[in-house]
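Engineer: when you get a sec, could you give me coordinates for this:
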Amino acid sequence: MGFSPTKAHCVQSSLKGGQHNVRGTKDDWKNHARDVRCYISDRDAQMVINKITSNTLHFTNYFFEHFVENGELQAMFWADNISRSNYKLFGDALAFDATYHTNRYSMVFVPFTGVDCHKKCVRVLP
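Structural biologist: Next comes the predicted model:
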């Protein structure tokens, strides 16, 4: 089950009160999705590593480690000031396993979400 660019355009049109309130046509959305897939290709993991590594240069107390085996990203961990503060207050850590394949293309979906003891979302983005 996927959420195609065409369906995304229809949902956006519905939410915004009509196609005239949405930027681009269904074909524009399809072409954009195709262009993004072509741009990312097989570099998705490296793009994540590069982005998080750049955070270590720009933010104080930002920690990042990753493990690559046979050219495949196996594990990664990061912590910023907010996640460190949340850990001190709540004593929780976020862990997930992205080895479960979720669709017929063996693509993995891993949402980065967290909830504190007040049932409020906490930031866990890289």
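Engineer: next one: the residue located most distally from the centre of the chain from Q12, what distance?
Structural biologist: Ranked by distance from the centre of the chain (CA atoms, centre = their mean), the top residue is H20, with 29.3 Å. Distance check for H20 against Q12: by CB to CB, to the nearest Å, it reads 12 Å. Backbone N, C-alpha and C define where each C-beta goes, glycine included.
Engineer: with N70 instead?
Structural biologist: Note on N70: its distance to Q12, by CB to CB, is 40 Å.
Engineer: show me which of the two is the more surrounded one.
Structural biologist: Q12 (15 against 5; other CB atoms under 10 Å).
Engineer: I'd assumed the more buried one was in a strand, is it?
Structural biologist: No: applying DSSP: H, G, I helix; E, B strand; the rest coil, one finds Q12 to be helix, outside a strand.
Engineer: for it, which non-adjacent residue is closest in space?
Structural biologist: Using CB to CB, 6 or more residues apart in numbering and skipping the chain neighbours, the partner closest in space to Q12 is V22 (5.0 Å).
Engineer: likewise for A8?
Structural biologist: In space, and not counting its chain neighbours, A8 is closest to W29: 6.3 Å by CB to CB, 6+ apart.
Engineer: could you do N61 as well?
Structural biologist: If you skip the residues right next to it in sequence, N61 has N81 as its closest partner in space, 5.3 Å away by CB to CB, 6+ apart.
Engineer: can I see the domain layout of this structure?
Structural biologist: Domain ranges of the chain: 5-40, 44-122, per automatic domain parsing.
Engineer: compare the mean pLDDT across those domains and name the weakest.
Structural biologist: With a mean of 79, domain 44-122 has the lowest mean pLDDT of the domains of the chain.
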